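*Asks:* predicted model and sequence below, questions to follow.
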Amino acid sequence: MTYTRHISIITLFLLLGFAPGMLLSNGNAEQLEKPKARAMSDSLKKSILYQILLPIFTTEGTFKKAQEMIPHIKATGINTIYLCPFVEYDDDTDRSFWSRRQMMSGFDNPKNPYRIKDYFNVDPQIGTNDDAKAFVDAAHKAGLKVIFDLVYFHCGPKAVFIKDNPDFIVRNEDGSVFINNLWYFPELNFKNPKLREYLISNMEYFVKELGADGFRMDVASSVPLDFWEEANIRVSKIKPDLLMLSEGHNAKEQLKAFDANYSFGWKTALIDVFYGKKPATQLRKIWTKEFEKYPSGAHILRNLDNHDVATDSLASKNGGMRYEKAFGHRGMDAVSVLNFCIDGIPLLFMGNEFADESPVNMFADRNHGRTFIAWENLLTKDGQDRMALIKKLSDLRVSNAPLWKGETQWIENSAPENLCTFVRDSDGEKILVCVNTSNKKIDADISIDAKLGETLLKYCGELKGGEKILKASFEPYGWIITKLK
């Protein structure tokens with residue numbers, strides 16, 4: 001087989017600050033002394049995340065109603081539920097403390113899921129702490145894990161702790177509240193050890209009392225790294241195998257604090273490639289950049305949609321539509337194949353599993369906007385086809401070691417504008433993934449000296465073996481996942 005992997009050593013050293021290592025040349029460029037990410041269990045490596053924004057997950061927007069949907073989530077093969085913030089949202093109506101997007105939504109909703117008033121208690125509109133525990137218990141009974149979203153960089157202007165602890169938030173020299181210019185929220189003061197202890201006790205409460213299996217940390221790289229490292233040590237004593245996910249891009253975060261980081265570059269590359277603005281090689285370019293940046297064994301979140309993207313994709317710059325509609329159902333199928341088969345941790349936003357293209361918005365709820373995901377899509381052929389695909393991809397990923405722990409090796413092909421080709425390799429067991437990222441038919445030669453094995457899953461694609469070359473043919477958005485001998 002002919003593989004290529006490119007590593008910019010200078011880039012790596014500048015980003016991580018580690019001493020140079022030796023190079024090994026065997027068709028790949030390998031870093032012998034590249035720092036290693038912290039150990040991650042096989043169970044966590046198999047994680048497939050399903051993000052739920054409770055206020056618009058159901059028309060009721062409650063934990064109790066969401067609990068009724070756990071069998072549906074289980075049926076997709078997904079194994080980990082990721083809950084967006086559900087603790088009490090700040091309901092302050094002073095718009096000087098509202099984010100731009102919150103005001104632009106036009107819903108006149110003072111509640112923002114990422115502007116917290118009380119870190120320890122569920123928002124009354126969503127339910128109670130007992131409801132939250134009942135939801136987690138039901139998920140555990142179904143064999144699912146649940147991670148909670150933490151918003152520790154900022155809080156709401158009426159946060160319950162401010163009266164008794166005014167120095168828990170950052171202030172100007174005159175004592176007035178400092179307001180960041182990103183979202184217009186007060187920032188938390190991590191120079192205060194009491195604030196740090198308050199937040200760590202919040203994490204401990206979630207694990208001990210509500211059963212959390214891990215955390216997703218909002219804008220994590222804006223919070224001091226030593227806080228996350230200390231918090232990880234503390235909460236891991238209660239439940240050792242927690243999933244710690246950073247919405248950030250600090251290359252050192254996976255050394256001690258986190259198991260995975262977001263990839264804003266990968267998401268943007270998917271958008272550019274499937275819109276036809278950039279060639280399919282852009283995905284490889286971003287992957288290589290991140291491979292260079294992060295420690296050996298690091299894990300990256302793979303997604304297109306999430307609560308932010310689903311909201312922002314309705315902006316005029318993206319044609320005023322969700323990407324499901326912009327790319328079409330078969331295009332989003334191809335996106336799913338890429339995210340499930342590339343190294344990292346795949347994430348689906350609620351509704352992706354039944355091809356939802358409804359105009360949902362993170363600032364809506366049952367009293368404002370009422371932009372819920374469209375459960376009726378489950379009754380359509382497109383919705384049922386997507387459900388079947390996600391179930392197959394989920395099962396395929398967790399049952400084939402190359403897809404959850406194998407190295408990624410990019411393969412050359414003769415149609416680099418449209419065809420994405422890579423191999424996942426684990427101890428000599430190899431799976432080839434080929435995805436046509438365009439809405440046109442393509443034929444291509446794939447430069448790989450291997451015999452085709454069992455075809456695991458495919459859509460409108462064919463491969464034929466040859467001497468060091470595979471002949472490939474794909475219909476629009478066609479793809480193949482196949483074993484190699």
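*Replies:* Yep, it's here. Numbering: from 1, shown residues only.
*Asks:* OK, contacts around residue 325?
*Replies:* Residues near residue 325 by C-beta atoms under 8 Å, 6 or more residues apart in numbering: residue 357. Every residue, glycine included, has its C-beta placed from N, CA and C.
*Asks:* just the pLDDT for it.
*Replies:* Predicted confidence (pLDDT) for residue 325: 94.
*Asks:* for residue 382, see how far away it is.
*Replies:* To residue 382, residue 325 is 11 Å away according to C-beta to C-beta, to the nearest Å.
*Asks:* same deal with residue 125?
*Replies:* Taking C-beta to C-beta as the measure, residue 125 falls 32 Å from residue 382.
*Asks:* before we move on, what about residue 79?
*Replies:* Look at residue 79 and residue 382: by C-beta to C-beta, they are 24 Å apart.
*Asks:* one more: residue 130?
*Replies:* According to C-beta to C-beta, residue 130 stands 38 Å off from residue 382.
*Asks:* check residue 146 too.
*Replies:* Residue 146 is 29 Å from residue 382, by C-beta to C-beta.
*Asks:* more neighbours: those two, which one.
*Replies:* Per other C-beta atoms under 10 Å, whichever of residue 146 and residue 382 has more neighbours is residue 146, with 25 against 18.
*Asks:* let's verify residue 120: helix, strand, or coil?
*Replies:* Under DSSP: H, G, I helix; E, B strand; the rest coil, the three-state class of residue 120 is strand.
*Asks:* could you chop this structure up by domain?
*Replies:* Following automatic domain parsing, the chain resolves into domains at 42-262+300-399, 405-484.
*Asks:* give the burial count for residue 356, as a bare number.
*Replies:* Around residue 356 there are 25 other residues, counting by other C-beta under 10 Å.
*Asks:* right, and residue 252 touches residue 225 too?
*Replies:* Yes - using C-beta atoms under 8 Å, residue 252 is in contact with residue 225, at 6.5 Å.
*Asks:* overlap in contacts of these two?
*Replies:* Counting by C-beta under 8 Å, 6+ apart, nothing touches both residue 252 and residue 225.
*Asks:* in what helix or strand does residue 196 lie?
*Replies:* Assessed by DSSP states H and E, residue 196 sits inside helix 193-210.
*Asks:* who touches that helix?
*Replies:* Residues outside helix 193-210 that contact it (C-beta under 8 Å, 6+ apart): 119-120, 129, 132-133, 136, 148, 150, 152, 161, 165, 167-168, 188-190, 212, 215, 227, 230-231, 234-235, 238-239, 242.
*Asks:* packing partners of the very next helix or strand once past that helix?
*Replies:* Note on helix 193-210: by DSSP H and E, the next helix or strand toward the C-terminus is strand 214-217. The contact analysis (3 or more C-beta pairs under 8 Å, 6 or more residues apart in numbering; DSSP states H and E) places strand 214-217 against strand 145-150, strand 243-246.
*Asks:* strand partners (parallel or antiparallel) of the shortest one?
*Replies:* The strands beside strand 243-246 in its sheet (DSSP bridges) come out as strand 214-217 (parallel), strand 260-261 (parallel).
*Asks:* same check on the longest one?
*Replies:* The sheet places strand 145-150 alongside strand 80-83 (parallel), strand 214-217 (parallel), with pairing taken from DSSP bridges.
*Asks:* Serialize these to TSV and add fields for distance to residue 406.
*Replies:* Below are the strands paired with strand 145-150 laid out as TSV (distance: least, C-beta to C-beta, whole Å):
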stretch	distance to residue 406
strand 80-83	20
strand 214-217	23
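*Asks:* show me where the stretch 201-350 of the chain has helices.
*Replies:* Per DSSP state H, counting those that start in this stretch, the stretch 201-350 of the chain has helices spanning 225-236, 253-256, 264-274, 281-293, 307-312, 323-341. These are given in chain order.
*Asks:* next, the angle helix 323-341 makes with the third one.
*Replies:* The one in question is helix 264-274. With axes from the mean of the first three to the mean of the last three C-alpha atoms, to 10 degrees applied, the angle from helix 264-274 to helix 323-341 works out at 120 degrees.
*Asks:* would you mind checking the average pLDDT for helix 264-274?
*Replies:* Averaging pLDDT along helix 264-274 yields 97.
*Asks:* just the buried positions in the helix holding residue 196, please.
*Replies:* Of all the residues in helix 193-210, those buried under the rule 16 or more other C-beta atoms under 10 Å are 195, 196, 198, 199, 200, 202, 203, 204, 206, 207, 210.
*Asks:* between those residues, which is nearest residue 313?
*Replies:* residue 206 (30.3 Å; C-beta to C-beta).
*Asks:* just to revisit the earlier point, of the strands paired with strand 145-150, which is nearest residue 455?
*Replies:* Nearest to residue 455, of all the strands paired with strand 145-150, is strand 80-83, at 28.1 Å by C-beta to C-beta.
*Asks:* and the contacts of the closest one?
*Replies:* Outside strand 80-83, the residues that reach it (C-beta under 8 Å, 6+ apart) are 47-52, 54, 73, 139, 144-149, 213-214, 216, 243, 245, 347.
*Asks:* brilliant, that's me finished.
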